[in-house]
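# Give me coordinates for this.
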Amino acid sequence: MRLHKGWIQECRQCVSPHFNARPKNEVSLLVIHNISLPAGQFGLPYIDQLFQGCLDVQADESFCDLQGLEVSAHFLIRRDGELVQYVSCDDRAWHAGISTFEGRTGCNDFAIGIELEGTDTTTYTDAQYERLRQLTLALFDAYPMLNRNLIVGHSDIAPGRKTDPGESFDWDRYRASLDEA
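Residues are numbered from 1 along each chain as shown. Coordinates of the predicted model:
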């Protein structure tokens, strides 16, 4: 897996309009998130639609709070391991919101956001862990400032506001897989 101009060619590309330029062209943090739409339901088209700005908020009553929301991530890893890219890694996706890492605010400026299709309490799949490992190693190759110590959960950069990727994410398994490479 390799990047070309911020894009991974070996994945489905589903371009989001919700991005802008990075202010300093810096990539020095990976943020792991989770998402499911509706909550706890998987394999549906709504995540793509949300990130593309075309979600039909009438499709499910739980979507009413998403009206007009402009949000994106760089990547989504679906339950079956499918990798979807929405924003070039060279650009700023809108995934972290109000956030702080090591005294720096506005993590979107320097972070890559990776969404895992899941919930805080649903076990992630083997296919997701393997794809996340592959993606992480490709990002390490492409962005030399990144390393295993610069990987956090959304909950780490927005404590009290966010809980993902949640208690079901096995950080030890993920980090060990990076050491095996």
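
# ok, now which ones touch Tyr46?
Leu37, Pro38, Leu55, Ala59, Asp60, Phe63 (Cβ atoms under 8 Å, 6 or more residues apart in numbering). From N, CA and C alone the C-beta is placed, and that goes for glycine too.

# Tell me the spacing between the nearest residue to the last one once chain neighbours are set aside and Ser16.
What that stands for is Phe63. In space, and not counting its chain neighbours, Phe63 is closest to Val57: 4.3 Å by Cβ to Cβ, 6 or more residues apart in numbering. To Ser16, Val57 is 17 Å away according to Cβ to Cβ, to the nearest Å.

# Show me the contacts of Tyr46 that map onto strands.
Among those, the subset assigned to strands under DSSP state E is empty.

# Filter these down to the buried ones.
Neighbour counting by 16 or more other Cβ atoms under 10 Å classes Leu37, Leu55, Asp60, Phe63 among the contacts of Tyr46 as buried.

# Now the third one: closest residue in space that isn't a chain neighbour?
Going back to what we said before, that points to Asp60. Pro38 (4.8 Å).

# Quick check on that neighbour: phi, psi?
Phi and psi for Pro38, reported as degrees, to the nearest 10, are phi -60, psi 170.

# quick revisit: what would the contacts of Tyr46 look like in TSV with pLDDT and distance to Arg22?
Listed next are the contacts of Tyr46 as TSV, based on pLDDT from 0 to 100; distance: Cβ to Cβ, whole Å:
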residue	pLDDT	distance to Arg22
Leu37	97	27
Pro38	97	32
Leu55	96	26
Ala59	94	33
Asp60	95	33
Phe63	96	30
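
# What backbone torsions are found at the residue sitting furthest away from the middle of the chain?
Farthest-out residue of the chain from its mean C-alpha position, per Cα atoms, centre = their mean: Gln58, at 25.1 Å. Gln58 has phi and psi values of phi -80, psi -10 when expressed as degrees, to the nearest 10.

# Per-residue pLDDT of it, please?
Note for Gln58: predicted pLDDT of 94.

# Could you do Glu180 as well?
For Glu180, the predicted pLDDT is 78.

# For it, give its distance to Asp172.
As defined by Cβ to Cβ, Glu180 lies at a distance of 13 Å from Asp172.

# Closest to the centroid, which residue in this protein?
Ile114 (1.8 Å).

# re earlier: which two of the buried ones among the contacts of Tyr46 have the greatest separation?
Using Cβ to Cβ, the pair of the buried ones among the contacts of Tyr46 lying farthest apart is Leu55 and Asp60, separated by 9.5 Å.
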